[in-house]
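> Build me a model from this:
(chains A and B)
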There are 2 protein chains.
Amino acid sequence: MTVDYRSLLLKMFRAAVDAAAPARCVPAHLPSRPKGRTIVVGAGKAAAAMAAAVEANWDGPITGLVVTRYGHAVPCERIEVVEASHPVPDEVGADVAARILRRVGGLSADDLVLVLMSGGGSALLALPADGITLQDKQAINRALLACGAGIGEMNTVRKHLSAIKGGRLAVAAAPARVMSLAISDVPGDDISVIASGPTVPDASTRHDALAVLSKYRIAVPPSVSAHLGDPVSETPKPGDPRFGHVVNRLVATPQMSLEAAARVARDAGIPSLILGSAIEGEAREVGIVHAGIARQCSEWGQPMEIPCAVISGGETTVTLRGGGRGGRNAEFLLSLGIAVDGRYGLWSLAADTDGIDGSEDNAGAILAPDTVGRARCVGVDCKARMADNDAYTVFKALDDLVVTGPTRTNVNDLRVMLVTKRS
Amino acid sequence: MTVDYRSLLLKMFRAAVDAAAPARCVPAHLPSRPKGRTIVVGAGKAAAAMAAAVEANWDGPITGLVVTRYGHAVPCERIEVVEASHPVPDEVGADVAARILRRVGGLSADDLVLVLMSGGGSALLALPADGITLQDKQAINRALLACGAGIGEMNTVRKHLSAIKGGRLAVAAAPARVMSLAISDVPGDDISVIASGPTVPDASTRHDALAVLSKYRIAVPPSVSAHLGDPVSETPKPGDPRFGHVVNRLVATPQMSLEAAARVARDAGIPSLILGSAIEGEAREVGIVHAGIARQCSEWGQPMEIPCAVISGGETTVTLRGGGRGGRNAEFLLSLGIAVDGRYGLWSLAADTDGIDGSEDNAGAILAPDTVGRARCVGVDCKARMADNDAYTVFKALDDLVVTGPTRTNVNDLRVMLVTKRS
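Next up, the predicted model:
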């Protein structure tokens, strides 16, 4: 059987994105119609598309309000869609968050609140607690990031400075039934981490938050110290009876999308190996490690006999050294291409399921066995482009970019290596 | 069954080293005794130990001369052992190389030359061609390295500036029978790369060497230009009849050692996955990628169900940022430990099979699930040590170094992750 590897890679990527597309993953999880009212609220890159999927599949009256990133709105008829700033929050997002809190207040046990959460929800739903300014919160966030605080530590602080995160949205909605549908873009799919868990009880305390600030010696304004010193800043805890009518459900995850891509490969007769759904590290180094794995497949049939697809997800990082163009996926792919240098019949795709690789217009790119050679023929020096963080330019010159536009969902990156023949 | 994971890791490392130990891997490959004389020559970190293994298993008269790294000699009775400088060559190595060339000259077709090659042989056997100085050769090597020339390009130049590499040793020994036994420390085990292939015909030409020097705009002294302009600098080519009596054989490779380690795990009831025998990349980033794979094993049973051993080999690199102590294996392991943070019941070992991790006195170290926590208890901040390239200090403080002393062989690093239970 002759396989068109380029088409296969694109088909695998499409399957990964489709598996996380709200129109596909939301409907099956919708609850039954309540006796009372149904209010839809939500935040994240996929919020508008999720709202549209609810509207299209909901039997009964429905109203609501969701916030998504600028450029990510889709038309809804009954649910209001607002666009706000991400990743740096703006006042629009804060206003929407306040309106969402009011919207879920005063409901009865017969009512249903459908909460639609996805990546980016944390920034889009940034509503500081009373007495704290958005600027204060942002300054503390930046300071924590700069000190190398872990994501767990960041979330502990964030949740105790917020009016809506760390379970507070669910508390505001009580006694209504709450069903939260989430698309995960976080390693481990911890629902208390996605959008900082507005419908999930929080095991961390304000004392933990203070300990984090003190550990990293973060200077905080008096308003913040006063807030964290006050028991009112405490988040609702696991076991809190107000969560008795709250259900949190994951409707799409990185792993589900990797599995969808693997099924496409299998249907084309190519077995897959999933390395990890949360692979991190510097993009160019992750590329070099992948080259070593491709080599082992080709030379020793390990960890898998060829032909095979080696699949991974998660977010790599790029430490800027040059002034070129390109996101982490293009950078990963060019580094892989240079290391492999046309061997192992290696075809590869790396792309962000949200449709945007970094700050460019592409979702990712495709590496072919002849990429480095073709680049040379058109006067592009791959190693020089690599040194300048300019991978986009290489794949653009070869017409090997993968361009989808915003997909209005996000389960992080998909990386696939097809190792096809002995070198 | 209760498994002592620390002991298992050490046993796996021992098996990897033993599989490459000359006393174990050389004897089975020794040829039959010739009608005439037997001359043993060789170079590399394992050369003395290989010579001792030949002496101990050879039936008949034997003489010879091998060169190894300072500190790597072992006593031999009939074969002379000389120590010289590695990785920067010295005049001692050049003198030995000249003596080896004379030693294999004037033999008959009834005689046998046993050539013992291992990692480091290239530097230890640095004999410039007539009219070129060791300093010239070294300056060109340094310049090529600084320009980012590939290993293939470096070898093309080296072989055409050498009096002994690129097949010239075998030509000097003709018409004697030549058998070369090699311990590989190079990705892909290409025998023309190990010690720059003194007994392997060379497909590259002096014109290729000139093209490399011109590509990177390396300024060369007139003696070097004159030499490469002269057909005498040409290496013997594949098909050369003088190689009719030459046999090159690999007696130990990184892959064989990984397989030996995998067998030990299997015998303990733990299945293995070999990721690659030539995994490269920045040590700390390779550690982060490994953390993602351990997570996937633990959370999804991919690429393998737990408990399992994920094994890899090859050489990572360390870009120095701080002033601490530690080789690439300690650095890999500390980065892995920080990323995993005690989860997945992860035990890991990373060590250099030559017994020396970088410039310290340890071969490597062991990471336990409680490493980061124990370090904290004794006042060692793992992240701060990591930032200072000071991983040695962490494992030393915890008494978790793996110390073997020089093993007198080298098949690169062994890295093992034992993922033992759900987090």
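
> Do me a favour and get the backbone dihedrals for the residue positioned nearest the centre of chain A.
In chain A, the centroid-proximal residue (Cα atoms, centre = their mean) is A:Asp185; its distance is 3.1 Å. Main-chain dihedrals, A:Asp185, degrees, to the nearest 10: phi -120, psi 20.

> Report pLDDT for it.
Each residue has a pLDDT score; the one for A:Asp185 is 92.

> How about A:Ser423?
Value for A:Ser423, per-residue pLDDT: 50.

> can you check A:Ile140 too?
The model's pLDDT for A:Ile140 equals 92.

> so it touches A:Ala219, yeah?
No - with contact defined as Cβ atoms under 8 Å, A:Ile140 does not reach A:Ala219; the gap is 9.2 Å. Placement of C-beta: from N, CA and C, glycine included.

> More neighbours: these two, which one.
Higher neighbour count among A:Ile140 and A:Ala219: A:Ile140, with 23 against 9, using other Cβ atoms under 10 Å in any protein chain shown.

> what helix or strand is the more buried one on?
For A:Ile140, the element it lies in under DSSP states H and E is helix A:134-146.

> That helix and chain B in contact?
No - interface with chain B: helix A:134-146 contributes nothing (Cβ under 8 Å from any Cβ of the partner chain), its closest point being 13.7 Å away.

> residues of the following helix or strand past that helix that come out buried?
For helix A:134-146, the following helix or strand on the C-terminal side (DSSP H and E) is helix A:151-161. By 16 or more other Cβ atoms under 10 Å in any protein chain shown, the buried positions in helix A:151-161 come out as A:153-161.

> One more: stretch A:296-304?
A:296-299, A:302-304.

> re earlier: not counting its own residues, what contacts the helix holding A:Ile140?
Residues outside helix A:134-146 that contact it (Cβ atoms under 8 Å, 6 or more residues apart in numbering or on different chains): A:88-89, A:91, A:94, A:126, A:128, A:153-154, A:157-158, A:161-162, A:212-213, A:216, A:218-221, A:223-224.

> can you do 6 Å?
A:94, A:128, A:154, A:161, A:218, A:221, A:224 (Cβ atoms under 6 Å, 6 or more residues apart in numbering or on different chains).

> now, which of those sits nearest chain B?
Proximity of the contacts of helix A:134-146 to chain B (Cβ to the nearest Cβ) peaks at A:Met154, which lies at 15.0 Å.

> Could you find the closest non-adjacent residue to the closest one?
A:Leu144 (5.3 Å; Cβ to Cβ, 6 or more residues apart in numbering or on different chains).

> A:Pro87: neighbour count?
As a burial measure, A:Pro87 scores 9 neighbours (other Cβ under 10 Å).

> In contact with it, which residues are there?
Shown in contact with A:Pro87 (Cβ under 6 Å, 6+ apart): A:Ala123.

> Need the nearest residue in space to A:Thr420, chain neighbours excluded.
A:Gly345 (3.6 Å).

> which residues touch the one you found?
With Cβ under 6 Å, 6+ apart, A:Gly345 has these contacts: A:369, A:420-421.

> could you pull out the strands for the stretch 51-200 of chain A?
A:63-69, A:79-84, A:112-117, A:177-183 (DSSP state E, counting those that start in this stretch).

> Let's have these in TSV, adding distance to chain B.
Listed next are those as TSV, based on distance: least, Cβ to the nearest Cβ, whole Å:
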stretch	distance to chain B
strand A:63-69	27
strand A:79-84	32
strand A:112-117	21
strand A:177-183	17
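
> Distance to B:Ile356 and mean neighbour count for the ones you listed - can I get that in JSON lines?
Formatted as JSON lines, these follow (distance: least, Cβ to Cβ, whole Å; neighbours: other Cβ atoms under 10 Å in any protein chain shown):
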{"stretch": "strand A:63-69", "distance to B:Ile356": "52", "mean neighbour count": "25"}
{"stretch": "strand A:79-84", "distance to B:Ile356": "56", "mean neighbour count": "20"}
{"stretch": "strand A:112-117", "distance to B:Ile356": "52", "mean neighbour count": "28"}
{"stretch": "strand A:177-183", "distance to B:Ile356": "49", "mean neighbour count": "26"}
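
> out of these, which comes closest to A:Ala49?
A:Ala49 lies closest to strand A:63-69 among the strands of the stretch 51-200 of chain A, at 8.1 Å (Cβ to Cβ).

> ok, back up a step: dump the residue contacts of the nearest residue to the residue nearest to the centre of chain A once chain neighbours are set aside.
Leaving aside its sequence neighbours, A:Asp185 sits nearest to A:Gly119 (Cβ to Cβ, 6+ apart; 3.4 Å). Residues near A:Gly119 by Cβ under 6 Å, 6+ apart: A:44-45, A:185, A:410.

> Quick check on A:Gly119: phi, psi?
phi -50, psi 140.

> With A:Arg374 instead?
Per degrees, to the nearest 10, the backbone of A:Arg374 is at phi -60, psi -40.

> sorry, back to before: which one of the buried residues of helix A:151-161 is nearest to chain B?
Of all those, A:Glu153 has the smallest distance to chain B: 11.9 Å, by Cβ to the nearest Cβ.

> got a list of what that closest one touches?
So A:Glu153 contacts A:Val212 (Cβ under 6 Å, 6+ apart).

> Report the beta-bridge partner residues of A:Ile79.
Beta bridges link A:Ile79 to A:Gly64 when assigned by DSSP bridges.

> ok, for the residue in the stretch 301-423 of chain A positioned nearest to chain B, nearest residue in space, not its chain neighbours?
Proximity of the stretch 301-423 of chain A to chain B (Cβ to the nearest Cβ) peaks at A:Gln302, 4.5 Å away. Nearest non-adjacent residue to A:Gln302, counting by Cβ to Cβ, 6+ apart: B:Ile274, 4.5 Å away.

> Could you do A:Ala365 as well?
A:Phe395 (3.8 Å).

> number of nearby residues for that neighbour?
28.

> tell me which element it falls in.
helix A:391-397.

> List the contacts of A:Asn155.
A:Ser196.

> could you pull out the helices for the stretch 1-150 of chain A?
Remark: helices assigned in the stretch 1-150 of chain A by DSSP state H, counting those that start in this stretch are A:5-19, A:22-25, A:47-57, A:91-103, A:121-124, A:134-146.

> I meant the stretch 151-300 of chain A, not that one.
Counting by DSSP H, counting those that start in this stretch, the helices of the stretch 151-300 of chain A are A:151-161, A:168-173, A:206-215, A:222-229, A:254-267, A:283-300.
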